[in-house]
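> just a sequence and a predicted model for now, questions to come.
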Amino acid sequence: MKNTLRPALVIIAIILGVVIYKHFDFRTATFKDPWLDGIYIITFAAVIFALARSKKQSSGHVEK
């Protein structure tokens with residue numbers, strides 16, 4: 001089940017990354033819509049965390 005979820009999370013991460021990039025104004029260092037972009041950033045971080053965690057668990061490495 002977790003392996004089938006990984007491609008969907010990768011697609012979501014790519015889409016969110018592109019949206020965040022497009023909404024950021026590099027001249028003024030601001031976002032177009034700060035509240036919505038804040039939600040995008042939090043969701044992007046959660047997806048990256050989930051991907052990293054699933055990658056770590058699938059590698060077979062066990063921490064003690």
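Yes, it's here.

> you'd agree Asp25 is up against Asp33?
No - contact between Asp25 and Asp33 fails when scored by CB atoms under 8 Å: they sit 11.3 Å apart. To be clear about C-beta, it is placed using only N, CA and C from the backbone, and glycine gets the same treatment.

> would you quantify the distance from Val47 to Tyr40?
According to CB to CB, to the nearest Å, Val47 and Tyr40 sit 10 Å apart.

> list the residues that contact both of the two?
Residues within reach of Val47 and of Tyr40 at once, by CB atoms under 8 Å, 6 or more residues apart in numbering, are Leu16.

> and the longest helix anywhere in the chain, what's buried?
Longest helix of the chain, by residue count under DSSP state H: helix 34-58. For helix 34-58, the neighbour count (16 or more other CB atoms under 10 Å) marks Asp37, Tyr40, Phe44, Val47, Ala50, Leu51 as buried.

> report the contact partners of the first one.
Meaning Asp37. When contacts are counted by CB under 8 Å, 6+ apart, Asp37 touches Ile20, His23, Phe24, Phe31.

> can you redo those as JSON lines with neighbour count and pLDDT?
Formatted as JSON lines, the contacts of Asp37 follow (neighbours: other CB atoms under 10 Å; pLDDT from 0 to 100):
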{"residue": "Ile20", "neighbour count": "15", "pLDDT": "93"}
{"residue": "His23", "neighbour count": "16", "pLDDT": "93"}
{"residue": "Phe24", "neighbour count": "13", "pLDDT": "93"}
{"residue": "Phe31", "neighbour count": "16", "pLDDT": "92"}
